[in-house]
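> Sequence first, then the predicted structure, then my questions.
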Amino acid sequence: GAAILALSATDDGVVSAFSSLGRGSTAAPHRAAARHAMPNMATSTVMSARSSAFTNSASTTARQMTSTATEEMFDTSSLLTPAGYGFSSSAERILKKAKRSNDGYYKASASDRVIDVMAGIADSDSADVALVFDDDDALLGIFTETDYIKFSTTRAKGASTEVESAEFIVSPVSEYVTPTDKLLGIASTDTANLAIATMQQTGVRHLVVVDKLSSSNGISIIPTEGSNVRGVISMQDVMSLVQQDERLSLESLAKKFPGIENPVTLIQEEQKSQANALAKNPEIVKEDIIRVGTAVLSVASIGLFLSQSSWLHENSQLAMIAIFVIGYICIIFEEVFEFNKAAVALLMNTGMWVTYADFYQNESGIASEGVLEQLKEQLSDVAEICFFLLAASAIVEVVDAHQGFKVVTNLITTKSKKALFWVIGFLTFFLSAILNNLTVTIVMVSLLRKLVPNDDDRRLFGAMVVVAANAGGVWTPIGDVTTTMLWINNNLSTGPTVTELFLPSVVCLVGSLAFLVNQVEEDSSLSESTLPEPSTLAPRGQVVFWAGIASLLAVPVFSELTGLPPYIAMLTGLGAIWTLTDLIHFGEEGEEDLKVPAALSKLDTSGILFFLGILMSIGVLDRSGLLKDLAVFLNNNLPSQDIIATVIGIASALIDNVPLVAATMGMYDLADYGTDDKLWQLIALCAGTGGSILVIGSASGVALMGLEKVDFLWYARKVSVGAAVGYFAGIAAYLAQNALLHGEGLVLPALAAVDTVAGAV
C-alpha cells in the first residue's frame, strides 16, 4: 500500500506512528501520496467532485455519480493522513469529534408542534436539524431549514388570515418532515470522502448516520430493520475534521524531517521511509521471495528447453521427476505459495510432456508419432474421468437446487447430541456411496449449521462427516473419485467392489465414530437448532430427487449391460435430468436457477482441470517407465503388498489420493494383477479412508477447512487418532474377510493384520 503521513499525538486518540494502506485496510482505494500537496487541497478536492443535481429518489444513476466522484477525489488528491483519519475518517469518528450535544440533532415526537420543534432547534447549542420519531421510537423523517421553508411557503399560500396562519404553526411536525423513504444516510463505518461526495452530488447539507444501510455507496432509504440512528453530520463537521487532520499530519512530518519545507518533498521522503519499513515485514519478504523464485525458475526452465540442452537429453528422467516434485510441493503447500493447484497441475503436465516428447530417448528434439499417439491415449483415459465427474456433479447440483435433500433432512428428529453424531455419521456414509463425498460433505456441513449451534461441537461433527464421507465413498464405484478411477480403468468391477468393501468400510466408520463420540458432551444446545420442522417436499422436488438418484444408481447397471464406459452412462443420466427439468419448468419465467445450465455454471471447474493436469502428469511417469521402476523398488523393499497398500493409504493423508492412486495404477499391470485383485481392493480402501487421518488428506477435509475454519493442528489433535483407529480397523476387517472368503481361516488373517499394522507404524 501507499505510504501515508502521520498525525500528531496532540489530537486526542490519534497515534503519531505512521500507517500504511495495506491490503484489507478500510482505505484501500487510496492512491499513493500525491503529486501536489497544497494547504487548500481539501477544498479543491471537494470541488472536483461537482456534478449534476440529485433527487432524493436514491436512483442507480446517483449511486454511480457518487461512486465516480469518490474515485475522482482519490485519484486527483494528495492524502496526507493514515488510514482512519482525514478523508478516510469514519462517520462515527466525525460524529465524535464534532462534539455536538444530542449527537447533532434535536429529537422530536411526531405529535410535536412545528413551532415547538423550531424552538428546540434554536435553543440547542449545536443542533440545526430535528429527527422526528413516532411513539414506538421509529424514525419518521428529518426536519431541516429546507423543510421549514417549504412549510412557510405552504402556510403563505394556504393561510388567508392570522388565525389560519396560527393553525399552521401548531400543526404536528410529522406533516412536514422529509420522510425516511426520501432520507439519505451513511453507515457509521463509511468514510468522510463518501460523505462529501454524497452531499456534493445530492445538494444536501446533512446526512443521518446509522449502524447499517439497505443499499451500497452510502445512498439509501433508512433505517434498515435492526439499524439504530447514531446521529447527524454536516458538511462543516466533515471538512473541519479533515482539515484539522491534514494540518496535524504536515506538522508531524515536518518534525520528522527537519529542514525540508516543501510538502511534496516531505511526502517523497516519507514514502521512502515506509518502503524501507515494508521491506522488513516477514510477510512482504515471503511474497518477494516467492515472486523472485518463481520468475527465476520460469526463465531458467524456458531457457533450458529452448536451448535444446544436451543435459536434458541425458537426464530427461531426472528432469521429469524434478518437475513433478516441484509441482507437487506447490500443490501440497497451496496455502503458503498462494498458487492455485489447478494452474500448477496444468503447468506441471506441460513441462513433463515436453520433456518426455522432445528429450526422452529422442535426439531430434521434436515429438515423434509414437509419443503423439501415447498423448492421445492418455488424454482419452483422463477425459473419461473428467466427463464422469462433470456429469455427476451437475446431477447432484440440480437435485440440491430443487431442495431434493429435504427427503433426507426430514428424517432427523433427535435432540441427543451423541445420537445425532451417529445418525449424521451413518447418513453421510450411505449418501456418499451414491453421491461424491465432496458434495455430501458440503451438504451435511450446511445442514449442521442449522442443527448444531455450538461452534466447537459443529467442528467436531464436521470432522466426523469427513471421516464418514471418505469411508462411505470406498465401497461403490461412484462414491469416491479414487474408486471411480480404478473402476473406469477396469481394475475393479461393480459387484465385488460393493460386496467385499462394504464391511471393511463400515468397520472403519464404526471404529472412528466410537472413538470420536467420547468427545461429545450432552447438553441442551440442540434445542436451539434452527432446522425447520419436517415438511413435505414439493412434488417437483420429489420427482427430481428420485430421478437424480436413479440416474446415479443406473450408471454401473448401464455399464454392465452395454459394455460401454461409465462416463457414457453418467452423461446419459445428465441428459435425462436436463430434459426432465426443462419439461418441468417449460414456459416458466424466472426458474433458470433450477435448470441444468445454472447447475453447470456453479461447478468447480478448477477442480476438474486439476484432475486433468494431475492425471496427465502421472501418465508421463507411466509412459516413461518410472512408475514401473518404483513398483519394483517397493516390491523389493517391503515384505508384502498389504503393507504397500497400507503405506499408500497413510501417504494419502499428506498427499492427494488422486495422483497416488493414479501412480499405483501405473506401477502395477492389469496383466499381473487382474480385475478385482486383492491389491486393487485394498488400495481403494486404504487410499479412500487414509485421507481422513489429516484434514488436508482429502477433498472433503479441505472443504471442511474452508466451510468451518478448521485448522490443521485442531484436526490433528482432536480427530487424527480416531481416524487412524478406524483406518487400521478397516484394513484388519478386510484382511480377515478376504481370508475367510478364500478359506484360509481366522488365524492367518489376524496375523496378517497385525503384521500390516506393525509394518505401517
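Arrived safely, thanks for sending. Numbers count the residues shown, from 1 in each chain.
> Can you get me a residue count around Val725?
Val725 has 18 neighbours, counted by other CB atoms under 10 Å. Any C-beta I mention is one placed from the backbone N, CA and C, and that applies to glycine too.
> my bad, Pro179
Pro179 has 14 neighbours, counted by other CB under 10 Å.
> Could you check how far it is from Thr153?
In this view, Pro179 and Thr153 are 18 Å apart by CB to CB, to the nearest Å.
> Kindly report the same for Glu164.
15 Å.
> So what touches the helix or strand hosting Leu574?
Taking DSSP states H and E as the criterion, Leu574 maps to helix 566-584. Residues outside helix 566-584 that contact it (CB atoms under 8 Å, 6 or more residues apart in numbering) are 384-385, 387-388, 391-392, 394-395, 398, 402, 477-478, 484, 487-488, 540, 543-544, 547-548, 551-552, 554-556, 558-559, 562, 594-596.
> One more: stretch 507-518?
Outside stretch 507-518, the residues touching it (CB under 8 Å, 6+ apart) are 418, 421-422, 425-426, 429, 460, 463-464, 467-468, 471-472, 474, 685, 689, 692, 719, 721-723, 725-727, 729-730, 732-733.
> Quick one, which of these are buried?
Among the contacts of stretch 507-518, those buried by neighbour count (16 or more other CB atoms under 10 Å) are 421-422, 425, 429, 460, 463-464, 467-468, 471-472, 474, 685, 689, 692, 719, 722-723, 725-727, 729-730, 732-733.
> among these, which are in strands?
Using DSSP state E, the subset of those located in strands is empty.
> tell me the average confidence for stretch 592-610?
Averaging pLDDT along stretch 592-610 yields 82.
> Go ahead and name everything in contact with it.
340-342, 345-346, 386, 389-390, 393-394, 397-398, 401-402, 574, 577-578, 581-582, 585, 699.
> And the most far-flung residue of the chain relative to its centre, its phi and psi?
The C-alpha centroid of the chain is most remote from Thr161, which lies 68.9 Å away (CA atoms, centre = their mean). The phi and psi values for Thr161, taken as degrees, to the nearest 10, are phi -130, psi 170.
> Tell me the pLDDT of it.
Value for Thr161, per-residue pLDDT: 80.
> Quick check: the gap between it and Thr153.
For Thr161, the distance to Thr153 - CB to CB - is 18 Å.
> Repeat that for Glu338.
From Glu338 to Thr153 the distance is 62 Å (CB to CB).
> Equivalent analysis for Gly511, please.
83 Å.
> got the residue ranges for the helices in the stretch 201-350 of the chain?
235-256, 263-279, 282-306, 310-314, 316-332, 334-337, 341-359 (DSSP state H, counting those that start in this stretch).
> helices or strands up against the longest one?
Counting contacts by 3 or more CB pairs under 8 Å, 6 or more residues apart in numbering; DSSP states H and E, helix 282-306 packs against helix 310-314, helix 341-359.
> cutoff 10 Å now
For helix 282-306, the contact count by 3 or more CB pairs under 10 Å, 6 or more residues apart in numbering; DSSP states H and E identifies helix 263-279, helix 310-314, helix 316-332, helix 334-337, helix 341-359 as packing neighbours.
> Same check on the first one?
In terms of contacts (3+ CB pairs under 10 Å, 6+ apart), helix 235-256 is packed against helix 41-48, helix 91-98, helix 192-202, strand 206-210, strand 229-234, helix 263-279.
> re earlier: Gly511 and Thr153: who's more crowded?
For Gly511 versus Thr153, neighbours defined as other CB under 10 Å are more numerous around Gly511 (23 against 10).
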